[in-house]
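Student: Test case, fold it:
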Amino acid sequence: MNDNIVQNIAHKLFLARSDMLEHELTEQELSFLLKEKSEGYCLKGNKLIFSSYEDRDHYVVRHYFSEIDSDRTDAEKTIILTAVSIWKKSLRGDRSTAGLFLSLYEDKINVWQALLTSECSQYEATFLADQFIKHSRNIDINSLFHFF
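Tutor: Numbering: from 1, shown residues only. Predicted structure coming up:
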């Protein structure tokens with residue numbers, strides 16, 4: 001429950017495009033969060049403050065990840081479209097939130113193939129690939145050369 005609260009708060013801050021790392025909590029949110037150990041954020045008074053943009057972005061991508069059923073037949077398309085949406089929302093900075101999101105699916109889908117066959121533009125696919133490389137756990141050189 002607490003992880004969902006933090007994910008939703010991170011998502012709200014991300015969508016606001018305000019570069020804020022803190023959020024004023026409701027009494028109910030505060031009571032839930034006081035019961036658990038925090039990771040990547042702290043509580044000061046009635047505010048939740050993320051330790052860094054990277055910590056906030058980890059909660060953001062887990063929010064998006066929790067909304068997608070990767071077993072659906074159109075999961076690859078949904079994942080890539082979501083990554084494009086995240087990338088467009090995060091253009092204001094040098095963060096690689098969309099790449100972090102794609103890395104969560106690294107063991108479930110062939111991200112490189114999904115990018116190649118997606119309906120996104122070459123420009124978008126290249127930027128997503130660049131961000132994905134930063135967070136990928138297993139970079140297959142052959143797939144990388146085939147992509148570029």
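Student: how about the nearest residue to the residue nearest the centre of the chain, chain neighbours excluded?
Tutor: Centroid check for the chain by C-alpha atoms, centre = their mean gives V61 as the closest residue, at 2.3 Å. Excluding its sequence neighbours, the residue lying closest to V61 (C-beta to C-beta, 6 or more residues apart in numbering) is F101, at 4.2 Å. For every residue, glycine as well, the C-beta is placed using N, CA and C.
Student: where does M20 fall, helix, sheet strand or coil?
Tutor: Secondary structure state of M20, per DSSP: H, G, I helix; E, B strand; the rest coil, is coil.
Student: rewinding a little: what's the offset of the helix or strand hosting the residue nearest to the centre of the chain from the middle of its chain?
Tutor: When elements are assigned from DSSP states H and E, V61 belongs to helix 53-66. For helix 53-66, the separation from the chain centroid amounts to 4 Å (computed by C-alpha atoms, centre = their mean, to the nearest Å).
Student: Can you list the helices and strands that it packs against?
Tutor: Contact analysis of helix 53-66 by 3 or more C-beta pairs under 8 Å, 6 or more residues apart in numbering; DSSP states H and E lists helix 2-16, helix 75-89, helix 97-103 as its packing neighbours.
Student: would you turn those into CSV with mean neighbour count, distance to G40 and mean pLDDT?
Tutor: Putting the helices and strands packed on helix 53-66 into CSV (neighbours: other C-beta atoms under 10 Å; distance: least, C-beta to C-beta, whole Å; pLDDT from 0 to 100) gives the following:
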stretch, mean neighbour count, distance to G40, mean pLDDT
helix 2-16, 18, 8, 90
helix 75-89, 19, 18, 93
helix 97-103, 25, 13, 95
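Student: Save these as CSV, and put in distance to I133 too.
Tutor: Listed next are these as CSV, based on distance: least, C-beta to C-beta, whole Å:
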stretch, distance to I133
helix 2-16, 22
helix 75-89, 13
helix 97-103, 7
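Student: Return the residues in contact with the nearest residue to F65 once chain neighbours are set aside.
Tutor: With sequence-adjacent residues excluded and distances taken as C-beta to C-beta, 6+ apart, F65 is closest to L104, at 5.0 Å. Remark: with contacts taken as C-beta atoms under 8 Å, 6 or more residues apart in numbering, L104 is in contact with V61, R62, F65.
Student: Wait, N138 touches N110, no?
Tutor: No - counting by C-beta atoms under 8 Å, N138 does not reach N110; the two are 11.4 Å apart.
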